[in-house]
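Visitor: Here is a sequence with its predicted model. Questions after.
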Amino acid sequence: MEMKLRDRLYFEENNYFFICNQCEDKTIKYNFDDAYELNFRCPECGGILEAQDNKDIIEFLKKRILVCEKTEIKINES
């Protein structure tokens, strides 16, 4: 599980994402290349794709990785 978290952290840290704030489903995000191909327009509603600040996601992932590492250390010490 820790490896998946690290992969996701790498992905989040090394990509720039865009979302449509007009759509009901704000969980759909596009990386820069996809947003560029779409001319920074939402394919669902035609709204403008806006840059998403993913600092909170990055911090969450870092904390989860630390928890996993601490848990693994405790298990190995037993």
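Guide: Sure, I can see it.

Visitor: Over to the residue nearest to the spatial centre of the chain. Which of the three states is it?
Guide: Centroid-nearest residue in the chain, with CA atoms, centre = their mean: E12, separated by 4.6 Å. Following DSSP: H, G, I helix; E, B strand; the rest coil, E12 is assigned to helix.

Visitor: Just the CA trace of the helix or strand of the chain with the lowest mean pLDDT, in CSV.
Guide: For the chain, scoring each helix and strand by mean pLDDT, DSSP states H and E identifies helix 55-77 as the least confident one, at a mean of 83. Provided in CSV are the C-alpha atoms of helix 55-77 (Å, rounded to 0.1, in the frame of the first residue of the first chain):
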residue,chain,number,x,y,z
LYS,A,55,-1.2,21.1,-1.9
ASP,A,56,-3.8,19.5,0.4
ILE,A,57,-3.7,16.2,-1.4
ILE,A,58,0.1,16.2,-1.4
GLU,A,59,0.2,16.9,2.4
PHE,A,60,-2.4,14.2,3.0
LEU,A,61,-0.4,11.6,1.0
LYS,A,62,2.8,12.5,2.9
LYS,A,63,1.1,12.0,6.2
ARG,A,64,-0.4,8.7,5.2
ILE,A,65,3.0,7.5,4.0
LEU,A,66,4.5,8.5,7.4
VAL,A,67,1.8,6.6,9.2
CYS,A,68,2.5,3.5,7.1
GLU,A,69,6.2,3.8,7.7
LYS,A,70,5.7,4.1,11.5
THR,A,71,3.3,1.1,11.5
GLU,A,72,5.8,-1.0,9.5
ILE,A,73,8.6,-0.1,11.9
LYS,A,74,6.5,-1.1,14.9
ILE,A,75,5.5,-4.4,13.3
ASN,A,76,9.2,-5.2,12.4
GLU,A,77,10.3,-4.3,15.9
